[in-house]
Structure formats: C-alpha cells, structure tokens
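K.L.:
dropping the sequence and predicted coords here.
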Amino acid sequence: MCQCASVAASPALALRMRLSIDITASERRRIRLAAARRDESIRDYVVRAIEAQLLTDLESANLTAMTDTADPVLGDLWKNSKDSAYDDL
C-alpha cells in the first residue's frame, strides 16, 4: 500500500511528500540494522537507497530528462504539427 500526502508542518517541509509502504517485520528489521550500521536514520537510509536505485534505473534508460521516452503521456501531447517545430532544436 502506498499513500502520498503533503507534509506542510513548517515552511521547510512544505515541498516534501510523505510516502508510506507496507513491509514485513523482517524487511523493517533488516533496514533498521543496515541504517544503524551506517549511523543513519531509517529515513535517511531509505531515501539514499531509493535515490541510488533511481539513478541507476533512470539514467540507464535515459529517463532523467523530459522526453517522450521518459513520459509517454507528454510524448502523445507533443506529437502535433505545432510542436514539431521544436524537433530540430
């Protein structure tokens, strides 16, 4: 289960979103131990791990830029005669 909600308790947190996932007790224990070994909070450990995986996944597929490959919905919107003028830029 994944729920996202805006966290706006203070201006510094206004741009952060909450992500909630269900994990097993074993997965939580492993994450907690790995974070403790690095002297990190669970949050910092998980965010760092997600960022590393995103970098691998998105850069290997060239999905870090706004392109029709990265976002097929935008690609469908961009495929028209008016926007084709930008194809050569």
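P.N.:
Cool, the structure landed. In this text, all values refer to a predicted model and were calculated from it rather than measured experimentally.
K.L.:
by contact count, what packs against the helix or strand hosting Met17?
P.N.:
Take DSSP states H and E as the rule and Met17 turns out to sit in strand 16-20. Helices and strands touching strand 16-20, by 3 or more CB pairs under 8 Å, 6 or more residues apart in numbering; DSSP states H and E, are strand 3-7. Every residue, glycine included, has its C-beta placed from N, CA and C.
K.L.:
surely Ser81 is within a strand?
P.N.:
No - when DSSP: H, G, I helix; E, B strand; the rest coil is applied, Ser81 is found to be coil, with no strand at that position.
K.L.:
what pLDDT does it get?
P.N.:
What the model reports as pLDDT for Ser81 is 70.
K.L.:
the residue lying closest to Tyr45 once chain neighbours are set aside and Arg16, how far apart?
P.N.:
Nearest in space to Tyr45, with sequence neighbours left out and distances taken as CB to CB, 6 or more residues apart in numbering, is Ala35 at 3.6 Å. With distances taken as CB to CB, to the nearest Å, Ala35 is found 19 Å from Arg16.
K.L.:
more neighbours: which of these two?
P.N.:
Neighbours were counted for Ala35 and for Arg16 using other CB atoms under 10 Å; Ala35 has more, 18 against 12.
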